[in-house]
Structures are given as C-alpha cells and as structure tokens.
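Enquirer: structure for the following, please:
(2 chains)
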Amino acid sequence: MSRKLLSVILVFTFLFAAFVPSALAQETGYGTILTRVLERGKVVCGIHTELLGFGYLDANGRNVGFDIDLCRAVAAAVLGDPEAIEPVPLTAADRGPALQTGEVDLITRNMTWTSKRDAEWGNFTWIVFYDGQGFLVRADEGIQTLQDMDGASVCVTTGTTTEKNLATSFADAGLTYEAVTFEETSAVYGAYEEGRCDVATSDKSQLAAVRAGFENPDDHVILDITISKEPLTPAVPSGDDQWFDIVKVVMWALINAEDYGVTSANVEEMKASEDATIRMLLGVEGDWGNVQLGLGADALANAIAAVGNYGEIYNRYFGEGGLAFVFPRGLNELWSNGGLIYAPPIK
Amino acid sequence: MSDASEILAPPSPPGFYEWLRKNLFSNWFNALLTIFSLVFLYLALVNVIRWMFFTADWRPVTGSPLLFLIGQYPRDQLWRPGLSLLICALLIGMSWGVWERYVKAFAIFLGILLGVLALIPLETPTITLVVRAVFLVCPFLIFGGFWVGRRSGVQGRHVTTLWLIAAIFILLVLLPGLSSIPALPVVPTTAWGGLLVTLLLAIGGIVLSFPIGVLLALGRRSSLPVVKLFSILFIEVVRGVPLVTILFMFSIILTLFMPAESRIDRILRALMAMVFFSAAYTAENVRGGLQAIPEGQVEAAKALGLSGLQITSFIVLPQALRLVIPNIVGQFISLFKDTTLVIIVGINDLLGIGNAVLNLQPDFVRLQMEVYLFITAIFWVFSYFMSYASLELEKALGVGER
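Expert: Below you'll find the predicted structure:
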C-alpha cells in the first residue's frame, strides 16, 4: 500500500517538474521591446494570411495587404527596412495570448478595439480603419432600410458578435427575422448566393470583398445601414510605453503625411518644403520626440517613403483599380474631407 | 458406349451474355436495380466530368503551385527546398531498390507526377524554367537511386541511415538555415507552409510517436509501479482529451510559462502536440498486440535463458507489432489527416495555404470547391500509398494467414 502511495507521489512530482515553469514569462518593461527589435533586426507582427485586402498572400507567397503595410511602416521607421518584418499568422483566438505573452511585438490583424480587449490583452494604438457591420442584399429585392428587412431571412455566422449585433438591432427596432446560421464564414456567402436567404450580414469591408467576387457584383448592393462599430486598431503588448508611443507616432505620421500631401514619391523633395510642419514630420528640422523614443530623426520619413501615406496604402488595396477590392473610403476619409481619420500633429 | 463419352467436358466459361444474365439480370428486381444503377452512374460521371473540365475554374490551383508546395518560403531561397526535393527523390529511389514493392508504387507515381509537373504547359510565372528543371531531374534521380539500391551491397539499414542523415541535414540545416553561414540565411518557420509543413508534421509525428508509443505500451504492462502508473496516467489523460485541446495547450498555454527568449518554435510546438496525442493511441494499439502473445512464448524464452530485454525485443515485440500493423497504419493515416488541425494555431499547412489561396484575389473567394477538392486529392494519394504499403507488408509477413 505504501509502495503504491509512494509511486503516486513520485509520478505527480515528475508531472509537476515537467509542467511547472522554471522561469516565468519575462516582464515587458519600458524600452524592452525596442531593444529586442533592434537586436533581432526584425519586427515580429501578428498578422492575417487569409483576409483579402487586409492581410493575405500574393502568388509568390509574399505577405501583402493594408495591415501588412502598417507593419512594414513600423519596420521602416525603426529599422529603416520595410522588409525587416517577421509575420506570424495568428488566428482570432491567438490574438489575445500572443499579446499577453509578448510573442509578437505588434498585432496588425484586423482587430476591433473594445474596452475589454484593451483591459485584458494589451495597448491599442490608433484607429486606422473604421469598419462596421452592414447588410448585403440583392439589388432587385428593393430593400433599403432596416424596416424593409422585417421578416427577412438573414445569413450569419453563428456564435460571433455579428450574430449578437444582428439580434440586438432587430429587436431594438421591433422587427423580426429568420436567422440562417453557419459555422464557416464562406458558407454564409455560398448560401446567400444560392438564394437561401434574402440578406447576408457581416463587416462591411468583408461584404465588399465578397461582393467583388460574385459573378455579377452589380446585382448586389451593400446597404448604407451600419449596426455596429468596428474600429480596427493595431495593438502592442502592455507594459512598454516607449514601444506603444513608437507605433502610435508611426500611424500618426502616415495620416499626417496624407494631410500635408507628402507621398512616397515626393518625400525627398518635401524635405525642402517651405512648411515647417512638413520639415518637422520628415525629420529635417527640430525634434518630434524621436530622441525619447529612441528613433532616428528620419524614422517617419522612412516609413512614408517605404509604404506611402495613409491614402496611398488605402488606395493600393481598396481604391479603384486597387489590388484587392473597391471599398469607398466613407468614414475612412481624412477628417478634413468629412471622415474620421485624424491624428495629433507631429511636432 | 465408349468411355470417352462418360467423361464430361469441363463447363465452358460463361459467355458475356451468360455472365450478364447470371449476375446482373437474374430476376426482375435485380434487372431493375442494374438499370437504375447504370443510369445513376452515367448521370454522375457525366456531371462530374463536365464540371471538372468545363465548369470548374482551376486557376487558384494552377496559378500558384509553389504556394501549395512550400507556402511562403522565400522565393530567392528556392534552391533549398529544391535541393531537399532532389535528395528525397534519390533516397526514395534507393528505398524502392532496397524494399522493392512497399515503395515501388509510390516511387513510380512520384516520378511520373514530377515529370508531368515539369513538362505541363501551365501558364504560371511562379514556375520558372529552373523549377521545371528540378522537377524534371527528379524522375531520373528516382530511377538512378533504384539502380543503386538494387545492387546487392546496399541494404535496408544503409538506406535508413542515409534517410536519417538527410532528414537531420534538411530539417536542421538546409531549410531553417544557420545564422553563422552567410550562404544559408535563416528562414523562420513561420514562412514555411503548404505540403512541406504537412509532410513535416505527419512524418515527424509518425517517426517520433511510434517508439514512444511502444515504450508506453511496454510501460503499461510493466511490473514497476512508477513506470506503470506513469504510462497509464499519460495514456488515459491524453486519450481523454481532444487533439484540438492539446494543440491549444502546447501553442498557447505553454508559451505563457516560457520566457520570451527561450520560446519553442511554433511548428515544433504543434509537432510535440501531435506526437503526444499519437503516442497514446499507438501505445494502446501496441498493447493490444502484446496481449495477444501467449504467455508460453515468454516462458519458453525464459527457459532458453534469454534476458528480459532480449525477450521483449526479439520474441514479444516482433510478433506483437506484426499483429497490429493494420491498427498502427490506421493510426498513422489518421494522424496524417489530423495535421490539418494545426491551422487553428496559425500554421499554414496545406489546408491553411488553400484558405490563403482562396483570398489571393476577389474572384477566387467562391472557388472553394476546386481548392478543397485539390487538397482532398493530395491527402487521398498519400493516405492511399500508406495503406498500400501496409497491405504489402502484411502480405510479406503472412499476417492473417497463420
């Protein structure tokens, strides 16, 4: 009996020795991420590889997309080379742990900023894309408002916030609908295309991507209604204010560059601009905080030269004739053009 | 009456119509069934062929074959997977020469496939002339290897050693690169993908989980309480948990405890999870075989004065493993297919690359049928050859005949 007890204790000791960590995860403190990035010579970005327009692959297996360009901008600013990135594909469930463990330096993966994620996962830097849940309908159905959809069948992915938003918005308006739910996003659009539901609902950018892939895109319209707020925001691990600021400033620089008409093509000549704000942005004059942030004065100029300003990045993927699909800028216009894209000044 | 007339001629083999009448139209119900099946078969075949050749849009598959093969492996370092393929082709040829029929079908199939890939007039800028040349050399290497392997001096253990050396060289040096060698810049495994990762996980999982499984099976029957209890605990805990959970545990929970700089590679983490999972099942399969060996075998061996280790490795295990070949191969095939689960931890295996290819451009998004069918075909081919090799092995060992 005692022999058996002893063996049980021994086995559990072994198991604990195997699983209990010898060293706990290292603390992320001020300046640690930049030090790691400089040592490694690469910025590790959590990204998507399967989301057309935002994070996807080209035929040569290169990571491309709106989100990837933001990661490249940070790499260009910090290391002077937009290719110095190490993209780590993350799934939706991976995003939180990847930030919490510091496995990635930065997440640029189509991630909605919410209060809970901000509290639990890490620091969200700056909103770079205003998305929202919308509806895709057939043009000949004559649906224009939420009221027109009373009693309609709606295709939606099950168990997501998308389904919750749908239920809330219909209930608030006192309307009914018949949900046709699927596990897989792709199945939702397949069913919609086959006519198994009147309406498909998801984030508008995704609806635009799907619509562009239909055989006759003009037969389908995305309604103007938006029933949720999806501010897509790059995020960094908690605990390193310096790195948090660096990523924020790079995002601001891209937005400011569009504001002031600085593009990847004219960044060199703009360095001689008469506008002191532009000369400050491009690092030829004064200090925009680069010393505290541990960056060179030309860091932001490098970022703009590498990937272009905010508008250039946007149009590269979502503009007319862009690489992915057309998605009108709408809320993602600059504040000066009636949109929401706004950044503090670089000075 | 002569004797000759009493010897009846053997019944002549039934003619075509006779055969039809007997087997397909023996009564009205069977006749109806036959006609119904024929009509169904005809319709199904016509529709499948029409879809495959006229409706289906194979551009996602034909447009980026390299993505499916190696994922995001940097295109300026293509010579490294290329060289790996050449080495493997040579060794597959040698294996064919040495082990004959187990590898024969696969080797010939692979040679023909690569030859076709090299010569097929696909309009894909991603497959350059050099890539085609590498594919074209492979069939010759396979055949050259076969010629070498057939020579009497070459034995199975030589080829096994070569495989081992090649695997270590390819997986630890050639593909990941070393920071100390400028000609081999480091390629992080996050850039690996496609069939490369699927095969790496499957073969790695099979090769590593088998010995662990055997040890666990022996451990579970051991008379040492600690060993026995550990084996039982390991097997029962792992078998009682879904693979997805183990994958998540290794890829997320484990990293929470590890310091940032000593982090285990993502693919290695997934491989460890697969090995854990598969070892527990293999152990139970092997234990089934161990239990089928009569006690008399062990007693006889003891009477001959063999040591415990000798009894296990020369008397018990060879007989036990022979009995459980079908189960073990079934387990391996299932492990091979389970590798697709790694997409949930963000590894772009064959299926993950398939999903990425669907997002290459907007009009690919609805071509899921084509991409998934292509991936299905690849999985089927590999699984079929595994099961074919096991059948040949059973035949050679006379399993089920004694």
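Enquirer: which residue, other than its chain neighbours, is closest to residue A:71?
Expert: Nearest non-adjacent residue to residue A:71, counting by Cβ to Cβ, 6 or more residues apart in numbering or on different chains: residue A:45, 3.8 Å away. To be clear about C-beta, it is placed using only N, CA and C from the backbone, and glycine gets the same treatment.
Enquirer: what's around residue B:380, how many residues?
Expert: 11 (other Cβ atoms under 10 Å in any protein chain shown).
Enquirer: with residue B:223 instead?
Expert: Using other Cβ under 10 Å, the number of residues around residue B:223 comes to 6.
Enquirer: that one should be in a strand, yeah?
Expert: No - applying DSSP: H, G, I helix; E, B strand; the rest coil, one finds residue B:223 to be coil, outside a strand.
Enquirer: correct me if wrong: residue A:310 contacts residue A:255.
Expert: Yes - counting by Cβ atoms under 8 Å, residue A:255 is a contact partner of residue A:310 at 4.8 Å.
Enquirer: overlap of the contact sets of these two?
Expert: Counting by Cβ atoms under 8 Å, 6 or more residues apart in numbering or on different chains, the contacts common to residue A:310 and residue A:255 are A:334, A:341.
Enquirer: ok, residue A:130 touching residue A:327?
Expert: No - Residue A:130 is not in contact with residue A:327 according to Cβ under 8 Å; the separation is 11.3 Å.
Enquirer: more neighbours: these two, which one.
Expert: Remark: of residue A:130 and residue A:327, residue A:327 carries more neighbours, 25 against 20, as counted by other Cβ under 10 Å.
Enquirer: mind checking the SS state of the more buried one?
Expert: Here residue A:327 takes the coil state, with states given by three-state DSSP.
Enquirer: contact partners for it?
Expert: A:53, A:204, A:205, A:208, A:209, A:318.
Enquirer: what pLDDT does the last one get?
Expert: Confidence per residue is given as pLDDT, and for residue A:318 that number is 95.
Enquirer: excluding chain neighbours, what is closest to it?
Expert: Nearest to residue A:318 is residue A:327, by Cβ to Cβ, 6+ apart, at 4.1 Å.
Enquirer: from chain B, which residue is nearest to chain A?
Expert: Chain B approaches chain A most closely through residue B:257 (3.5 Å), counting by Cβ to the nearest Cβ.
Enquirer: so which bits of the stretch 151-300 of chain A are right by chain B?
Expert: A:186, A:189, A:190, A:193, A:209, A:210, A:212, A:213, A:214 (Cβ under 8 Å from any Cβ of the partner chain).
Enquirer: next, give me the two most distant ones among these.
Expert: Using Cβ to Cβ, these span at most 15.7 Å, a distance reached by A:190 and A:212.
Enquirer: quick one, which of those two is more surrounded?
Expert: Between residue A:190 and residue A:212, residue A:212 has the larger neighbour count (other Cβ under 10 Å), namely 19 against 16.
Enquirer: contacting residues for that one?
Expert: A:324, A:325, A:326, B:362, B:363.
Enquirer: look up how far residue B:371 lies from it.
Expert: Distance of residue A:212 to residue B:371, given as Cβ to Cβ, to the nearest Å: 18 Å.
Enquirer: excluding chain neighbours, give the residue nearest to residue B:335 in space.
Expert: Nearest to residue B:335 is residue B:278, by Cβ to Cβ, 6+ apart, at 4.7 Å.
Enquirer: tell me the confidence at that neighbour?
Expert: Residue B:278 is given a pLDDT of 95.
Enquirer: okay, and it sits in which element?
Expert: Using DSSP states H and E, residue B:278 falls within helix B:266-292.
Enquirer: secondary structure class for residue 322?
Expert: No chain specified, so I'll use chain A. Per three-state DSSP, the secondary structure class of residue A:322 is coil.
Enquirer: the intended chain is chain B.
Expert: helix.
Enquirer: how near is the nearest residue to it once chain neighbours are set aside to residue B:88?
Expert: Spatially, and ignoring its direct neighbours in sequence, residue B:322 is nearest to residue B:397 (5.3 Å; Cβ to Cβ, 6+ apart). Plainly put, residue B:397 is 27 Å away from residue B:88 if you go by Cβ to Cβ.
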